[in-house]
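>>> Show me the folded form of this:
(2 chains)
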2 protein chains.
Amino acid sequence: MKKNMIIAQSGGPSSAINASIAGAIARGMASTKVDNVLGAVNGMQGFLDRKIINISEQIRTSEDIETLIHTPAHALGSSRYKIKAGDEETYKKIVEILKDYSIKYFFFNGGNDSMDTVHKLSEYLKRTGEDIVAVGIPKTIDNDLELTDHTPGFGSAARYVGTSVAELYLDTCVYPVPACTIVEIMGRNAGWLTAAAALARDSGVPAPHLIYLPETVFDPEKFISDVKAVMAKDDQIVIAVSEGLRFKDGVYVAETGAAEDMFGHKTLGGVANALEDLVKKHLSDDFPKIKTRAIQFSTLQRAAAHCASLTDLEESYQCGYRAVEAAVNGRSGVMVTLARVSDEPYLIRYDVGELDQIANKEKVVPDSWITKNGTDVGDKMMTYLRPLVRREASEKMVDGLPRFFQFDHGRMVRPGDVG
Amino acid sequence: MKKNMIIAQSGGPSSAINASIAGAIARGMASTKVDNVLGAVNGMQGFLDRKIINISEQIRTSEDIETLIHTPAHALGSSRYKIKAGDEETYKKIVEILKDYSIKYFFFNGGNDSMDTVHKLSEYLKRTGEDIVAVGIPKTIDNDLELTDHTPGFGSAARYVGTSVAELYLDTCVYPVPACTIVEIMGRNAGWLTAAAALARDSGVPAPHLIYLPETVFDPEKFISDVKAVMAKDDQIVIAVSEGLRFKDGVYVAETGAAEDMFGHKTLGGVANALEDLVKKHLSDDFPKIKTRAIQFSTLQRAAAHCASLTDLEESYQCGYRAVEAAVNGRSGVMVTLARVSDEPYLIRYDVGELDQIANKEKVVPDSWITKNGTDVGDKMMTYLRPLVRREASEKMVDGLPRFFQFDHGRMVRPGDVG
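A predicted model of the protein is given here:
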């Protein structure tokens, strides 16, 4: 009887998520306790549809693994499939498929929702006495998972955000006119990635001049006076804002209606456009020639593997690698975590955490890491962020363009092929 | 009597424009015919306001020059000041300032408009018998200058566009649903940079699936049928579109009104949003679950020094370097040009071209380089583009973040300091 492992990826993309499966694949292919390393195409949804490929057959060279590490987005595809509470039928079906394919080790690579799925599945497996383990591999650019110092994917996105804000500041300053550039950064409830805009200052620029995290309630009148106060001193500024910024009543600033109700005009989409409208409307008396620009980092911030952090890629790899080690040693219902031992030298200890303490929870930026005025982050945040972006990944480029590893999603295996 | 040179920068930013002034500074500082290398802060506007700094005093180490090469946007600041035809007063004032500061060599680093200014100034100088020369240093990410194979700044922006489109394609494909990502690329009248999206295919991805250049008239009905035809074969696609796309009547697609008149709905800003609306409206019957996304590369495409092309930076440097050589050898009213000798090996010959053949002209993409259906570029374009992006620039990073060279714009010199 074979002992196979399977990996599925879930949730939103990042430029480090494939480094994690590369680590899991490398450890699985090296293990005497694992026969075949399988992959589910498009996460849990694909798994339930038996869209399963044999990774062991598709990874042929060391270069394949190396290229996979530097390939952004889910090489196995993703899904946002969420199993409903008490949906025993689905767990039964999952176990049926696991058994069909002789799978002893199940790995799920994703964020909060995904960890909830692994948690529930591991509970079900224990309750029903199945000899199958389920282990989580963390991933999210939002950096909002509990029990771990930070999450794979965050450092690379943070490096992209810090670098781009620094570059955009220079672009903002070129003309001799007052200028306000507003950059919109991902993170619906947690402001970690928006806070990473502050790294731009390590490039020797004053930007970002203002930072708005979702942890702080947005007050449009305070915003206008914040901007006026900053522009009185320096009239070419960059503002970093989280897509998840909300008014006191919990309504997203990005929601057209809200901005329309409050200021009687229509915003053009994201929160950056809403703030740009406010600046145009309320600053043009003081700065008649003001030039404004709203920039959404959009999916660039999670896809820009060409700007990845080497520390992030190495840690992501290790999270996958160690997930397999934990599983073959019998652990289940856990996620690999990173514990920070010290900031300088930057030292990390890998560990595992119980999924019931991680699933469905969100770690937000602590109040004490945000400055009193609510428009900046303090030293604790900078000390936290810096080691995560310090080293550059050198991506494989051929003729100046990136090379990617792409699995053949169409080469499905049947249970008999790997049983 | 001193012989000084002055450099001014103009027009829109690029991540290679400072490499050109670095080259001019290096050659100027090395020349026995040049006493001081001066810089005008904020282009012609700043020059006329006598905002002049002494670069020779501010560049102190080889590292300063090296860092300047990799710093995006105008290190001297820019302006969009345009001298009106027949405005003799202004030329008189320019000459007065040039004489005050003992300037024999005037360099202007910019695009079409800037070359027009240098042209007119050099004509004025000749006509009035002044012993002062004026030479142009090309720069534009639009790549639309005549007489030169390509322009400094274009290769780096092209590398950013190609790389980002490749990365965004992988992001577009992660979920098992039909998806259409539309990326909006700069270039008001010339489609060179939008065409560079095709470089993504050298990364082994099928994106971009459709390319819309401003050289081709936009027909919304044809667009919808183009998208339907492509999505029938591959339902996860990326479309590259130029910001300058126009309807048959010459109206920009980005202009809200036009799209509103034609389809009875409001677009959200740029051309990518307008096309996204069209896709949502007309493809959702065939693809009910279609996920669409409009992404504007915005100023990122011209500021992303971290993704620059080494070939571009080296050529930009040489254009500045050789402009000084041409000037000290008595040339005036010319711009440094690049002539391509061969594609493979990629060989370039530097030359100078008369500004009257460059000023106010725009080089657009030849019809024969666009495919018959108007939605792609052909082999000639690929052969042309590839050598320009082939080599990666390795930017100076400290702790994972870029370091910039920033002139002290406040340290003005008076004529007596350099006379």
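>>> List phi and psi for A:R390.
phi -70, psi -30 (degrees, to the nearest 10).
>>> close enough to count as contact, it and B:M397?
No - distance between A:R390 and B:M397: 9.1 Å, which falls outside the contact criterion (CB atoms under 8 Å). (Each C-beta comes from the backbone N, C-alpha and C, glycine too.)
>>> Spell out the secondary structure type for the most far-flung residue of chain A relative to its centre.
The outermost residue of chain A, judged against the average C-alpha position, is A:D285 (40.2 Å), by CA atoms, centre = their mean. Secondary structure assignment for A:D285 (DSSP: H, G, I helix; E, B strand; the rest coil): coil.
>>> Skipping its backbone neighbours, what lies nearest A:A294 in space?
With CB to CB, 6 or more residues apart in numbering or on different chains as the criterion, A:A294 has its nearest non-adjacent residue at 3.8 Å, and that residue is A:A272.
>>> in chain A, which residue is closest to the centre?
Ranked by distance to the mean C-alpha position of chain A (CA atoms, centre = their mean), the top residue is A:I141 at 1.7 Å.
>>> Strands of the stretch 251-400 of chain A, residue ranges please.
If you assign secondary structure with DSSP state E, counting those that start in this stretch, the strands in the stretch 251-400 of chain A sit at A:291-296, A:334-342, A:347-354, A:397-398.
>>> got the buried residues for the longest one?
Judged by neighbour count using 16 or more other CB atoms under 10 Å in any protein chain shown, the buried positions of strand A:334-342 are A:334-338.
>>> Parallel or antiparallel, which strands does that strand pair with?
Applying DSSP bridges, strand A:334-342 is found paired with strand A:133-138 (parallel), strand A:347-354 (antiparallel).
>>> what's A:Y101 in contact with, if anything?
Under the criterion of CB atoms under 8 Å, 6 or more residues apart in numbering or on different chains, the contact partners of A:Y101 comprise A:4, A:6, A:38, A:52, A:413, A:415, A:418-419.
>>> pLDDT value on it, please?
A:Y101 is assigned a pLDDT of 98 by the prediction.
>>> residues from the stretch 201-350 of chain A in reach of chain B?
Applying CB under 8 Å from any CB of the partner chain, we find that the stretch 201-350 of chain A lies next to chain B at A:202-205, A:268-269, A:273, A:293, A:295-296, A:298-300, A:302-307, A:309.
>>> Show the buried residues in the residues you listed.
A:202-203, A:205, A:268-269, A:273, A:293, A:295-296, A:298-300, A:302-307, A:309.
>>> Could I get the full set of helices for the stretch 201-350 of chain A?
Counting by DSSP state H, counting those that start in this stretch, the segments of the stretch 201-350 of chain A that form helices are A:220-233, A:256-263, A:271-283, A:300-303, A:310-328.
>>> Now tell me which of those helices the model trusts least on average.
Of all those, the segment with the smallest mean pLDDT is helix A:256-263, scoring a mean of 47.
>>> Turn the helices of the stretch 201-350 of chain A into CSV, including distance to B:H150.
Supplementary listing: the helices of the stretch 201-350 of chain A in CSV, determined by distance: least, CB to CB, whole Å:
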stretch, distance to B:H150
helix A:220-233, 39
helix A:256-263, 42
helix A:271-283, 33
helix A:300-303, 25
helix A:310-328, 33
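>>> Of the ones you listed, which is nearest A:E184?
With distances scored as CB to CB, the stretch of these nearest to A:E184 is helix A:271-283 (3.7 Å).
>>> nearest to A:E167, of the helices of the stretch 201-350 of chain A?
Nearest to A:E167, of all the helices of the stretch 201-350 of chain A, is helix A:300-303, at 12.6 Å by CB to CB.
>>> Put the alpha carbons of the closest one into PDB.
Listed in PDB are the C-alpha atoms of helix A:300-303, where the atom choice follows Å, rounded to 0.1, in the frame of the first residue of the first chain:
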ATOM      1  CA  LEU A 300       1.000  44.000  -9.000                       C
ATOM      2  CA  GLN A 301       1.800  44.000  -5.200                       C
ATOM      3  CA  ARG A 302       1.100  40.300  -4.900                       C
ATOM      4  CA  ALA A 303       2.400  39.200  -8.300                       C
END
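>>> Mind giving me the packing neighbours of that helix?
For helix A:300-303, the helices and strands in contact under the criterion 3 or more CB pairs under 8 Å, 6 or more residues apart in numbering or on different chains; DSSP states H and E are helix A:154-172, helix B:154-172.
>>> Which of these sits closest to A:A326?
With CB to CB as the criterion, A:A326 lies closest to helix A:154-172 of those, at 21.4 Å.
>>> Can you spell out which residues form a bridge with the residue lying closest to A:E354 once chain neighbours are set aside?
Residue nearest to A:E354 in three dimensions, not counting chain neighbours: A:V334, with 6.0 Å by CB to CB, 6+ apart. For A:V334, the beta-bridge partners under DSSP bridges are A:V135, A:E354.
>>> rewinding a little: which of the strands of the stretch 251-400 of chain A has the lowest mean pLDDT?
Lowest mean pLDDT within these: strand A:397-398, at a mean of 89.
>>> Now do that strand: everything it contacts.
A:403, B:202, B:392.
>>> does the following helix or strand past that strand come close to chain B?
Tracing the chain past strand A:397-398, the next element assigned as helix or strand by DSSP states H and E is strand A:401-402. Yes - under the criterion of CB under 8 Å from any CB, strand A:401-402 makes contact with chain B via A:401-402.
>>> Name the residues of the following helix or strand past strand A:401-402 that are buried.
Following strand A:401-402 in sequence order, the next helix or strand is helix A:415-418 (DSSP H and E). Using 16+ other CB under 10 Å as the burial criterion, the residues of helix A:415-418 that qualify are A:V418.
>>> Likewise for stretch A:320-331?
Judged by neighbour count using 16+ other CB under 10 Å, the buried positions of stretch A:320-331 are A:320-328, A:331.
>>> circling back: and the residue farthest from the centre of chain A, how close does it get to chain B?
Per CB to the nearest CB, to the nearest Å, A:D285 is found 24 Å from chain B.
>>> With A:V279 as the reference, measure out to that residue.
The gap separating A:D285 from A:V279 is 12 Å, by CB to CB, to the nearest Å.
>>> do the same with A:L199
Separation of A:L199 from A:V279 (CB to CB) stands at 24 Å.
>>> Counting neighbours, go ahead and name the busier of the two.
The neighbour count for A:L199 versus A:V279, taken as other CB atoms under 10 Å in any protein chain shown, is higher for A:L199 (25 against 22).
>>> Nice, that's everything, thank you.
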